[in-house]
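**Student:** sequence plus predicted model, see below.
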Amino acid sequence: MANEITPAVTDTILNFIGGAYRRGSTGKTFDNFAPATGLRIGTVHEASEADVADAVAAAKAALNGPWGKMTTAERVKLISAVATEIERRADDFLAAEVADTGKPRHVASHIDIPRGAANFRMFADVISTTPTESFATATPDGGQALNYAVRKPKGVIAVICPWNFPLLLMTWKVGPALACGNTVVVKPSEETPRTAALLGEVMNAVGMPEGVYNVVHGFGAGSAGEFLTSNPDIDAITFTGETGTGQAIMQKAAVGVRDISFELGGKNPAVVFADADLDKVVEGLSRSVFLNTGQVCLGTERVYVERPVFDEFVKRMTVAAKAFKPGATGDPAYLGPLISAEHQEKVLGYYARAVAEGATVVTGGGVPAISGDEAGGFYVEPTLWTGLAHDSSVMREEIFGPCCGVIPFDAEDEVIGLANDTDYGLCATIWTENLSRAHRVAASMQVGVCWVNCWFLRDLRTAFGGSGHSGIGREGGVHSLEFYTETENICVKL
Ligand SMILES: NC(=O)C1=CN([C@@H]2O[C@H](COP(=O)(O)OP(=O)(O)OC[C@H]3O[C@@H](n4cnc5c(N)ncnc54)[C@H](O)[C@@H]3O)[C@@H](O)[C@H]2O)C=CC1
Ligand SMILES: O=C(O)/C=C/C=C(\O)C(=O)O
């Protein structure tokens, strides 16, 4: 089935504040484009500083309303209903996500939309089943005291999201925040405002109290993003996006000593040993390099291959890369566009720089020839390089496109050093059939997540996040409860 990338009507996308859809109070709007065609497909109403303040005030008031008085079981029932309603309206969410991102329908329908529902259902379960600690404590008078912990919501959470998995990454934060009894103000990416706005309809349909879920549209600095992070009634900020943006947000969070949880960029290595099953490696790494057109923070941009299988690996990855068809939206092999003209320019800048830094372009390296409706879309060719130095800028900086450099290695210690020689530390993949080596090398990776013989295999109960420039904190399962609640210890002398 073809992608729905050229809706006949131009949509109006509104803010969602206190349970109602609103235009921005200053009347400012900005355009929403379909990356698959480059055509304008919507008008987004930008939230002013006053609108953001209204959203935060609505969220704060909701903490003292019916929402704040609910038992965990009542909250869990509502949150589970949100998951069910997302599933019931899956086609609407799919159309919105595909229009905003241009990603293939099969990617959005297998990854983005189901995860939108799962992120609510899973945290409804976690909050219902995770105990808090308790200790029986001996007291100096020979008696006993009972210590036990209670979890309380942190308050109003600012949720700032990127454009690569808009619904997935937003609900990954909103699900646990609401499960823990907080309220939220979401600032979706200016590139992908639709699914966050649509979720407001879901909240109203299930009877979520007004003000629990709010959405403000706009940009970062000098716009809704900065207005939100600067608002003193925000109690904590969760953010996924670029490292530099994380640094700017951290400065705002310092005022008032607000907590932060950040998932930032990456320059993730793959380490392929000669004993690996090359069929599995190429299947896994072609997803890791090209899925979502390389716009995945967990994607692989550096591949280190043990020398005996280097040529064979490059040969097979080239075949895999050439199988993708940028611009062929109805085709199962469709490789979607990049998110914007600006991002296309950035990625093409790296394609040019790779050549300047001495790369051999094994395949790709440019803009595909596309005619018809998609001719104005923001496509680039899937690209593989060899011959780049490990310390070239193309091998050190996050590109966020469908490309990787492949470098040979000779020894285990050498490749551990190369993989870890980066400011980032989000994830790594290790490919080997040697069990001892798999565990040894995985444990020596300086990352938050390491996959062995697989990639992006997610269990939402596990710790997820990065080290170094890739982030602060972990979310997932009980780790999310740590961030979205304050723990109070109660000590009772018996
Ligand atoms: N998941 C990830 O790790 C992602 C990484 N990126 C990387 O970031 C690069 C730039 O993409 P952008 O969309 O421009 O990322 P970004 O980090 O600038 O934007 C992400 C979100 O932060 C907001 N934002 C930006 N500046 C802000 C500020 N000062 N205060 C509050 N909010 C602010 C944006 O409006 C958006 O909602 C990409 O080329 C890619 O390398 C982008 C998206 C996701
Ligand atoms: O599975 C997740 O929770 C997250 C997946 C992808 C990203 O975090 C990203 O690309 O930013």
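**Tutor:** That came in fine, so what should we check first? Remember, it's a predicted structure, so these values are computed and weren't measured experimentally. Numbers count the residues shown, from 1 in each chain. Ligands and ions are numbered 1, 2, ... in the order given.

**Student:** tell me the mean pLDDT over stretch 51-69?
**Tutor:** Mean pLDDT, stretch 51-69: 98.

**Student:** what's in contact with that stretch?
**Tutor:** 15, 17-19, 22, 24-25, 47, 75, 153, 155-156, 181-185, 208-212, 214-216, 224, 227-228, 231, 233-234 (C-beta atoms under 8 Å, 6 or more residues apart in numbering). In this view, the C-beta of every residue, glycine as well, is placed from N, C-alpha and C.

**Student:** and if we set it to 7 Å?
**Tutor:** The contact list for stretch 51-69 (C-beta atoms under 7 Å, 6 or more residues apart in numbering) reads 15, 17-18, 22, 24-25, 155-156, 183-185, 209-212, 214, 216, 224, 227-228, 231, 233-234.

**Student:** what about the nearest residue to Phe273 once chain neighbours are set aside, how many residues close to it?
**Tutor:** Of all residues not flanking Phe273 in the chain, Thr432 sits nearest, at 4.0 Å (C-beta to C-beta, 6 or more residues apart in numbering). By other C-beta atoms under 10 Å, the residues close to Thr432 number 23.

**Student:** what do you get for Ala254?
**Tutor:** Other residues close to Ala254 by other C-beta under 10 Å number 10.

**Student:** up against ligand 2, what does the stretch 251-400 of the chain have?
**Tutor:** Glu263, Val296, Cys297, Leu298 (C-beta under 6 Å from any ligand atom).

**Student:** find me the pLDDT at the last one, would you?
**Tutor:** Per-residue confidence for Leu298 comes out at a pLDDT of 98.

**Student:** I figured it hits Ala428, correct?
**Tutor:** No - using C-beta atoms under 7 Å, Leu298 is not in contact with Ala428; the gap is 9.9 Å.

**Student:** mind listing the shared neighbours of these two?
**Tutor:** Common contact partners of Leu298 and Ala428 (C-beta under 7 Å, 6+ apart): Asn268.

**Student:** returning to that earlier point: now intersect the contacts of stretch 51-69 with the strands, please.
**Tutor:** Asn15, Ile17, Arg22, Val156, Thr183, Val184, Val185, Asn214 (DSSP state E).

**Student:** beta partners for the last one?
**Tutor:** Translated: Asn214. Beta bridges link Asn214 to Val185, judged by DSSP bridges.

**Student:** and the second one, by the same measure?
**Tutor:** Using DSSP bridges, the beta-bridge partners of Ile17 come out as Ala20.

**Student:** so where does the closest residue to Val394 other than its chain neighbours fall, helix or strand?
**Tutor:** Of all residues not flanking Val394 in the chain, Ala354 sits nearest, at 4.6 Å (C-beta to C-beta, 6+ apart). Assigned by DSSP states H and E, Ala354 belongs to helix 341-356.

**Student:** residues contacting the next helix-or-strand element following that helix, please?
**Tutor:** Where DSSP H and E defines the elements, the next helix or strand beyond helix 341-356 is strand 360-363. The contact list for strand 360-363 (C-beta under 7 Å, 6+ apart) reads Val314, Thr318, Ala321, Lys322, Val355, Thr383, Leu384, Trp385, Thr386, Gly387.
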